[in-house]
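S.K.: what shape does this take:
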Amino acid sequence: MEAKLYSSKDVSNILNMTPWNVHYRSNNLGIERLTKKGERGYFYTEEHLILITNYEYKKSAPKGWLYNEEKIKIVECFLNNKSNSTQEISKKLKIKIQKVNYAINEYLENKTITVISKL
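M.R.: Residues are numbered from 1 along each chain as shown. Below you'll find the model as predicted:
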């Protein structure tokens, strides 16, 4: 019996996250995304869903990826306007949605954010 496969969109709906987060987590976990003949996109198994769900972000941001002010603005905006989506926050602050997703996910995972500073 063949295992059920979930599309990226299905996974993002099930786990309540953006497709970008699904791909980011799967890339960092080294998950080999599957393809179906005659269908576009990537597909995941139930084992992949569990791995993606339990993924833990690195405790520190990649060097130079986000500046202090950006991260702080993103989290402040998120906390003040919890009804806003990441897309709305991205448009409001004029910051790429990937950076918004990363900062909010880091905050939600750790209840804190790591900021880069130059000494």
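
S.K.: can you list the domains in this protein?
M.R.: As given by automatic domain parsing, the domain ranges for the chain are 6-53, 68-110.

S.K.: check what pLDDT the nearest residue to residue 90 once chain neighbours are set aside gets.
M.R.: Take residue 90 and drop its neighbours on the chain: the residue closest to it by CB to CB, 6 or more residues apart in numbering is residue 97, 4.2 Å away. C-beta coordinates here come from the backbone N, C-alpha and C atoms, glycine included. With respect to pLDDT, residue 97 scores 85.

S.K.: now do residue 119
M.R.: 42.

S.K.: repeat that for residue 111.
M.R.: 75.

S.K.: what's the following helix or strand after the helix or strand harbouring residue 72?
M.R.: Here residue 72 sits within helix 68-80, counting by DSSP states H and E. Remark: after helix 68-80, the chain's next helix or strand is helix 86-93, criterion DSSP H and E.

S.K.: which helices and strands sit right next to that next one?
M.R.: Packed against helix 86-93 by the contact rule (3 or more CB pairs under 8 Å, 6 or more residues apart in numbering; DSSP states H and E) you find helix 68-80, helix 97-110.

S.K.: any chance of these in CSV, with mean neighbour count and distance to residue 28 too?
M.R.: What follows is the helices and strands packed on helix 86-93, written out as CSV (neighbours: other CB atoms under 10 Å; distance: least, CB to CB, whole Å):
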stretch, mean neighbour count, distance to residue 28
helix 68-80, 16, 19
helix 97-110, 18, 12
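
S.K.: figure out which of those is closest to residue 86.
M.R.: helix 97-110 (4.8 Å; CB to CB).

S.K.: the inter-axis angle of the closest one versus helix 86-93?
M.R.: Counting by axes from the mean of the first three to the mean of the last three CA atoms, to 10 degrees, helix 97-110 lies at 120 degrees to helix 86-93.

S.K.: hey, C-alpha coordinates of helix 97-110 in PDB?
M.R.: The C-alpha trace of helix 97-110 is given here as PDB (Å, rounded to 0.1, in the frame of the first residue of the first chain):
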ATOM      1  CA  ILE A  97       8.000  38.400   3.900                       C
ATOM      2  CA  GLN A  98      10.700  35.700   4.500                       C
ATOM      3  CA  LYS A  99      12.400  38.000   7.100                       C
ATOM      4  CA  VAL A 100       9.000  38.600   8.700                       C
ATOM      5  CA  ASN A 101       8.300  34.900   8.800                       C
ATOM      6  CA  TYR A 102      11.700  34.100  10.300                       C
ATOM      7  CA  ALA A 103      11.500  36.800  13.000                       C
ATOM      8  CA  ILE A 104       7.900  35.800  14.100                       C
ATOM      9  CA  ASN A 105       8.700  32.100  14.100                       C
ATOM     10  CA  GLU A 106      11.800  32.700  16.200                       C
ATOM     11  CA  TYR A 107       9.800  34.700  18.600                       C
ATOM     12  CA  LEU A 108       7.000  32.200  18.900                       C
ATOM     13  CA  GLU A 109       9.400  29.300  19.300                       C
ATOM     14  CA  ASN A 110      11.700  30.900  21.900                       C
END
